[in-house]
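Participant: here you go, sequence then predicted model.
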Amino acid sequence: MAPAGPPSPPRSSWAAARIGGWLVVVGLTAGGCRTDRPPAAPAGTFPGVGDAAPSTVLHPTPDVALVAGQSAVWCATMQMAWDRLTGINDRPLLVASADPQAVSIAAGRFDEDWVDRDSVVTTAGILSPEDTERVRDEVTRRFGGEPALPTGGGGAAAPRAVPTATAFAMLSKSLTFEHPLTARDQGLQFTADGAAAESVAAFVARRDDAADSKKTTDQIDVLWCAPSADASGGGKADVVVELKTTSSDERLILSRLSRPATLRSAIDTTLARARTPNTRVVREAEIRQRRGGVDRVPEADRPALIEESAGLMRSSRRMLFGEEFAAPVISINAAARYPGLEGRVIGRKSKIEFVSRAEQVVRFRLDETGARLQSESLAQGVLASKSVRSLRFDEPFLLLLIKGDAPWPYLAIWVGATDVLEKGAATPARSPATPPVPPRGPGPERKE
């Protein structure tokens, strides 16, 4: 359920969305376009988390209004973790929250088959320290480094010693251009909605006589090009461009749109245009032939022929001689906690009483070498006491040895302190709790 957009939604900005095998970068605001240009990091590595600009906002679902002056970022890992936690709950996981995204994520779904298995690590359950270590080892083995989010514990709101279910999802993807484009430190004047143009780092490709021009520009397909429906668009057409990478089953899409109201509507419009392109392969000779015929027709017929030639150029899927592609370098390192997804779970038969933690990290970079994405999400819920039995003897308890049907045991030990327990090397000793009154002395109770 998408919230209503503002009266005047933004016309242009940038946001990254991972949709199955598609990486869609929708033209939104300048908040995510960094004017500084750090050295390109190796594939799969990123600077530290949390240095995103204040105008870069992570969202757990794409059902958000686009706000002028902000960049909106959504990645599927939060929905994937929520789906896993929903599986433990065995019914829709809806929290009592005024945040519309709590309803949206409860109604949503992201099939893990929409991403390749080698790019994803997911887990869910009541994770023991051994389980947590196994997840960390798997992330290190597959992607290098360690998870940024802790997968153990129940969150600050979780009561002590209450069973907590944890769902974790991590996605790591690197898409590389076979022929890198040209980097320019100040290659683009980016104009956010209602703001002055700002010089930003960019990567470009130009179709000309240069030796490598055809190799680089052949990686760029124009899938959609049409005049903007917005008269204030300055004459620029809506355009959808696909950047081809060495991963043939992945698609990297850039889309310049006129005033999308929500991130979901921007994604829907872009996907529809990418799936049904309005362009085709046009030969340069065909365009030159049309242009060359202008001088051979009556002057009154020339405007129509010129427009026909221009329309033919707009319908070309490949870049034509003299055209230049330019896009800003995007660098995002952001973390967010979603309090609107936390709280008491609605439903008497829910196995989870309340969601104690919902967090996400997104790291993304797009530059002349390609795109790199790494995201992880964590969702934790405290289980209802009726839905799970606690079989962990981690508090004072009684041990008995008794023969079959004998009326009294021959050994009784009340374990009320750690002095009788063998110390574990990795686990710190817990503070002993005050034990209740121990059972009566040896022998059955005497009858008076």
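Facilitator: Received the coordinates, thanks.
Participant: show me where the stretch 301-448 of the chain has strands.
Facilitator: Assignment of strands within the stretch 301-448 of the chain using DSSP state E, counting those that start in this stretch yields the ranges 324-328, 330-337, 343-344, 352-367, 370-383, 397-401, 411-415.
Participant: need those in TSV with mean pLDDT and mean neighbour count, can you?
Facilitator: Yep, even glycine has a C-beta here, placed from its N, CA and C like the rest. TSV is the format used below for the strands of the stretch 301-448 of the chain (pLDDT from 0 to 100; neighbours: other C-beta atoms under 10 Å):
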stretch	mean pLDDT	mean neighbour count
strand 324-328	91	19
strand 330-337	92	21
strand 343-344	94	16
strand 352-367	93	24
strand 370-383	93	26
strand 397-401	85	12
strand 411-415	84	13
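Participant: closest one to Met80 among these?
Facilitator: Of all the strands of the stretch 301-448 of the chain, strand 370-383 sits nearest to Met80, with 6.9 Å by C-beta to C-beta.
Participant: now the angle between strand 330-337 and the closest one, please.
Facilitator: Interaxial angle, strand 370-383 versus strand 330-337 (axes from the mean of the first three to the mean of the last three C-alpha atoms, to 10 degrees): 0 degrees.
Participant: so which elements touch strand 370-383?
Facilitator: strand 14-19, helix 77-89, strand 164-176, strand 352-367 (3 or more C-beta pairs under 8 Å, 6 or more residues apart in numbering; DSSP states H and E).
Participant: element containing Val139, please.
Facilitator: According to DSSP states H and E, Val139 maps onto helix 129-143.
Participant: average pLDDT for that helix?
Facilitator: Averaging pLDDT along helix 129-143 gives 90.
Participant: next, the angle strand 370-383 makes with that helix.
Facilitator: Using the same axes, to 10 degrees: helix 129-143 against strand 370-383 is 170 degrees.
Participant: in helix 129-143, which residues are buried?
Facilitator: 132, 135-136, 139, 143 (16 or more other C-beta atoms under 10 Å).
Participant: can you tell me which of the strands of the stretch 301-448 of the chain is nearest to Arg264?
Facilitator: Short answer: strand 352-367, nearest of the strands of the stretch 301-448 of the chain by C-beta to C-beta, at 17.5 Å.
Participant: okay, that closest one in PDB with CA atoms only?
Facilitator: In PDB, the C-alpha atoms belonging to strand 352-367 read as follows (Å, rounded to 0.1, in the frame of the first residue of the first chain):
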ATOM      1  CA  ILE A 352       6.300 -13.700  17.700                       C
ATOM      2  CA  GLU A 353       5.100 -11.300  20.400                       C
ATOM      3  CA  PHE A 354       7.000  -8.200  19.200                       C
ATOM      4  CA  VAL A 355       9.800  -7.200  16.800                       C
ATOM      5  CA  SER A 356      12.700  -5.900  18.700                       C
ATOM      6  CA  ARG A 357      15.000  -4.900  15.900                       C
ATOM      7  CA  ALA A 358      14.900  -4.000  12.200                       C
ATOM      8  CA  GLU A 359      18.200  -2.700  10.700                       C
ATOM      9  CA  GLN A 360      19.800  -2.400   7.300                       C
ATOM     10  CA  VAL A 361      23.100  -1.400   5.800                       C
ATOM     11  CA  VAL A 362      23.500  -0.500   2.100                       C
ATOM     12  CA  ARG A 363      26.800   0.100   0.400                       C
ATOM     13  CA  PHE A 364      26.700   0.900  -3.300                       C
ATOM     14  CA  ARG A 365      29.100   2.400  -5.900                       C
ATOM     15  CA  LEU A 366      28.600   3.100  -9.600                       C
ATOM     16  CA  ASP A 367      31.600   4.400 -11.600                       C
END
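Participant: okay, the angle between it and helix 77-89?
Facilitator: 160 degrees.
Participant: counting by contacts, list what strand 352-367 packs against.
Facilitator: Using 3+ C-beta pairs under 8 Å, 6+ apart: strand 352-367 touches strand 14-19, helix 77-89, strand 330-337, strand 343-344, strand 370-383.
Participant: distance between the ends of stretch 60-79?
Facilitator: 7 Å (C-alpha to C-alpha, to the nearest Å).
Participant: please apply the same query to stretch 237-249.
Facilitator: End-to-end for stretch 237-249, by C-alpha to C-alpha: 28 Å.
Participant: buried ones in it?
Facilitator: Quick answer for stretch 237-249 (16+ other C-beta under 10 Å): 238-245, 247.
Participant: next: stretch 87-98.
Facilitator: Buried residues in stretch 87-98 (16+ other C-beta under 10 Å): 88-89, 93-95, 97.
Participant: stretch 102-109 now?
Facilitator: Result for stretch 102-109 [16+ other C-beta under 10 Å]: buried residues 102-106, 108.
Participant: mark which of those residues are part of helices, please.
Facilitator: 102-106 (DSSP state H).
Participant: redo the buried residues of stretch 87-98 as CSV? Include pLDDT and distance to Phe393.
Facilitator: Output for these, formatted as CSV (pLDDT from 0 to 100; distance: C-beta to C-beta, whole Å):
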residue, pLDDT, distance to Phe393
Ile88, 93, 24
Asn89, 92, 27
Leu93, 94, 31
Leu94, 94, 35
Val95, 94, 32
Ser97, 89, 36
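Participant: nearest to Val64 among the residues you listed?
Facilitator: Nearest member of these to Val64, counting by C-beta to C-beta, is Ser97, at 15.0 Å.
Participant: doesn't Ile346 make contact with the closest one?
Facilitator: No. Judged on C-beta atoms under 8 Å, Ser97 makes no contact with Ile346 at a distance of 9.4 Å.
Participant: can you pull out the helices in the stretch 101-250 of the chain?
Facilitator: 129-143, 213-217 (DSSP state H, counting those that start in this stretch).
Participant: counting contacts, what elements does the longest one pack onto?
Facilitator: Right, the one you point to is helix 129-143. strand 120-125, strand 164-176.
Participant: now the longest one: buried residues?
Facilitator: Within strand 164-176, the residues that count as buried by 16+ other C-beta under 10 Å are 164-175.
Participant: CA atoms only for that strand - export them in PDB, please.
Facilitator: The C-alpha trace of strand 164-176 is given here as PDB (Å, rounded to 0.1, in the frame of the first residue of the first chain):
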ATOM      1  CA  THR A 164      14.600 -14.400  20.300                       C
ATOM      2  CA  ALA A 165      14.300 -15.400  16.600                       C
ATOM      3  CA  THR A 166      16.800 -13.700  14.200                       C
ATOM      4  CA  ALA A 167      16.500 -13.400  10.500                       C
ATOM      5  CA  PHE A 168      19.500 -12.200   8.500                       C
ATOM      6  CA  ALA A 169      20.000 -11.500   4.800                       C
ATOM      7  CA  MET A 170      23.000 -10.300   2.900                       C
ATOM      8  CA  LEU A 171      23.400  -9.600  -0.800                       C
ATOM      9  CA  SER A 172      26.700  -8.900  -2.500                       C
ATOM     10  CA  LYS A 173      27.000  -8.200  -6.200                       C
ATOM     11  CA  SER A 174      29.700  -6.800  -8.500                       C
ATOM     12  CA  LEU A 175      28.800  -5.900 -12.100                       C
ATOM     13  CA  THR A 176      31.800  -5.000 -14.300                       C
END
